[in-house]
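> Sharing a model that was predicted from the sequence below.
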Amino acid sequence: MSFEGEIFRRHDQGYAGALESAVRNERKPDRRPDMIVYPRDDEDVAEAVRLARREGMKVSARGGGHSFNATHVREGMLIDFRRMRETSIDVAARAATVTPSVTSREFAEELATHGLTFPSGHCSTVGLGGFLLQGGFGWNGRTHGPACASVTAIDVVTADGELVRSDNETNSELIWAARGSGAGFFGIVTRFHLRVFPIARAIHDSTYGYPLELREEVLSWLIEIAPEMPPELEVIAHVMAPRANGSTEPGIPPLAVRGVAHVDTAAEAEALLGVLDTCPVLDRATLRETCVPTDISGLYDKGDPLVSEERYAVDCMWTDASAERLLPELDATLTSVPTPQTHIDILFWREQEVSDGVFSMQAPIFISLYTQWQDRSDDALGIDWAADQMRRLEPLSRGIQLADDNLSERAWPFLAEERLARLEQLRGKYDPDGVFPSYLLEPGVRIEGGKLVR
């Protein structure tokens, strides 16, 4: 069977553009694939893997290219799904199928036209392929759980170039591994089959702004009330970098608390969001936009300005530390952001077990550092700050989330040991020749017995 898509080898016209566009981060890696392929359908993907095997190449895949460390860009073959952008929705069955390059916004907006929803990524342009593989923390995820828990089946090309279906009954070890392994998955998923949900009929959004000097009061209060927040309410705190004059981006407060309610009536939304009015320093808020009706498109429109296309270094942690332990240590991070574009997210999560997947790392609080800058000359500053801050906070960290991993600079646990050990056993079974590269780890670090070993 012949390959019907497009192939770019290193010296072909068009290769440089294909490589440039394969990474959203303006800080591009030094790694260069020998070949970049654009498949048109599932059979093209299978043929591409067979071609790679014939030529002795490893194979990686790109959905949306959002990986901050560009884990998908390796030596060998890069399968880029940008020309396979397909969605199908079965409204009656509350089921959908997507290819890896379909974006969070595209999927969410199409579902909304049918009165349905899915915990798609908070960033509108993230491709669902990588998002689903690494676990998936998206809109209304406190209700519906990590997105990988709603993956009911996958179509996947195995290391021998065979296209197979995997679900909980057939080839079940493959879907178990696909639910949360991220870049460590030993196959190329061509389609995800998903369970979708009725959409909340009343989505309302509240935002409060505070001076940064009130961070201890505001964050202590949020950590205290978070365990009692109902699943339909998601709350996140954003800390923006103060400029030299103490200001931040126009209209964005240095400390913002945002709540989104996903319910059925405006009265329910008002009741849920009312908890944000219990902040002990509410009278000093510089911004109060309360219970504003919105929809999924509005949520994306509001959040996207925080994730502009610049040079990035990102690192993160899950923690269950108390406010008394966490905030004194976190304070040095909140007050040392290195560039005006940098922001810090503190997400209050609801832990939910994924029993039929490798996914196994979560905690009540997720903290992510998004260092952003524009000039190449600032690379060392941006890269070092994110890793150094999280390295300092490791005693309080339960682990990391693969969506915002920095494993190539700072290897830290990302799966429970017993599940990582099983994942590595399955890798040996399904990909004994190492066709698919695994995690891009910090030099000198390897996986052994479910642990990261130096």
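It's in.
> mind listing the strands for the stretch 101-250 of the chain?
Taking DSSP state E, counting those that start in this stretch as the criterion, the stretch 101-250 of the chain carries its strands at 116-117, 151-157, 163-167, 188-195, 197-198, 202-210, 233-240.
> From Glu232, how far out is Trp349?
Trp349 is 14 Å from Glu232, where distance means Cβ to Cβ, to the nearest Å. Every residue, glycine included, has its C-beta placed from N, CA and C.
> Touching both of the two, which residues are there?
Counting by Cβ atoms under 8 Å, 6 or more residues apart in numbering, the shared contacts of Trp349 and Glu232 are Arg142.
> Quick one, which of the strands of the stretch 101-250 of the chain gets closest to Asp12.
Of all the strands of the stretch 101-250 of the chain, strand 188-195 sits nearest to Asp12, with 22.0 Å by Cβ to Cβ.
> Which neighbouring elements make contact with the closest one?
With contacts defined as 3 or more Cβ pairs under 8 Å, 6 or more residues apart in numbering; DSSP states H and E, the secondary structure elements packing on strand 188-195 are helix 42-54, strand 59-62, strand 95-98, helix 128-133, strand 151-157.
> Can I get it in PDB? Just the C-alpha atoms.
Taking C-alpha atoms only, strand 188-195 is exported to PDB below (Å, rounded to 0.1, in the frame of the first residue of the first chain):
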ATOM      1  CA  ILE A 188       0.500   6.200  17.400                       C
ATOM      2  CA  VAL A 189      -3.200   7.000  18.200                       C
ATOM      3  CA  THR A 190      -5.000   7.900  15.000                       C
ATOM      4  CA  ARG A 191      -8.500   8.400  16.600                       C
ATOM      5  CA  PHE A 192      -9.900   8.800  20.000                       C
ATOM      6  CA  HIS A 193     -13.400   7.600  20.800                       C
ATOM      7  CA  LEU A 194     -14.900   9.600  23.600                       C
ATOM      8  CA  ARG A 195     -17.800   9.800  26.000                       C
END
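> For Ile89, which of the strands of the stretch 101-250 of the chain is the nearest?
Comparing those by their distance to Ile89 (Cβ to Cβ), the top pick is strand 116-117, with 7.1 Å.
> What lies in contact with the closest one?
Against strand 116-117 from outside (Cβ under 8 Å, 6+ apart): 89, 91, 94, 96, 108, 111, 139-140, 196-200, 296.
> Pairing partners for it, with directions?
Counting by DSSP bridges, the strands paired with strand 116-117 are strand 197-198 (antiparallel).
> which residues make contact with the strand it pairs with from outside it?
By Cβ under 8 Å, 6+ apart, the list of residues contacting strand 197-198 reads 94, 115-118, 144.
> re the thing from before, nearest to Thr290, of the strands of the stretch 101-250 of the chain?
Between Thr290 and the strands of the stretch 101-250 of the chain, the shortest separation by Cβ to Cβ is 4.7 Å, and it involves strand 202-210.
> residue boundaries of the helices in the stretch 201-350 of the chain?
In the stretch 201-350 of the chain, helices defined by DSSP state H, counting those that start in this stretch lie at 215-225, 266-273, 296-303, 323-334, listed in chain order.
> export the third one as PDB, just CAs?
What follows is helix 296-303 as a C-alpha-only set of coordinates in PDB (Å, rounded to 0.1, in the frame of the first residue of the first chain):
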ATOM      1  CA  ILE A 296     -17.500  27.900  26.000                       C
ATOM      2  CA  SER A 297     -16.400  30.400  23.400                       C
ATOM      3  CA  GLY A 298     -16.400  33.200  25.900                       C
ATOM      4  CA  LEU A 299     -14.300  31.100  28.300                       C
ATOM      5  CA  TYR A 300     -11.700  30.600  25.600                       C
ATOM      6  CA  ASP A 301     -11.800  34.300  24.500                       C
ATOM      7  CA  LYS A 302     -11.000  35.400  28.100                       C
ATOM      8  CA  GLY A 303      -8.200  32.900  28.700                       C
END
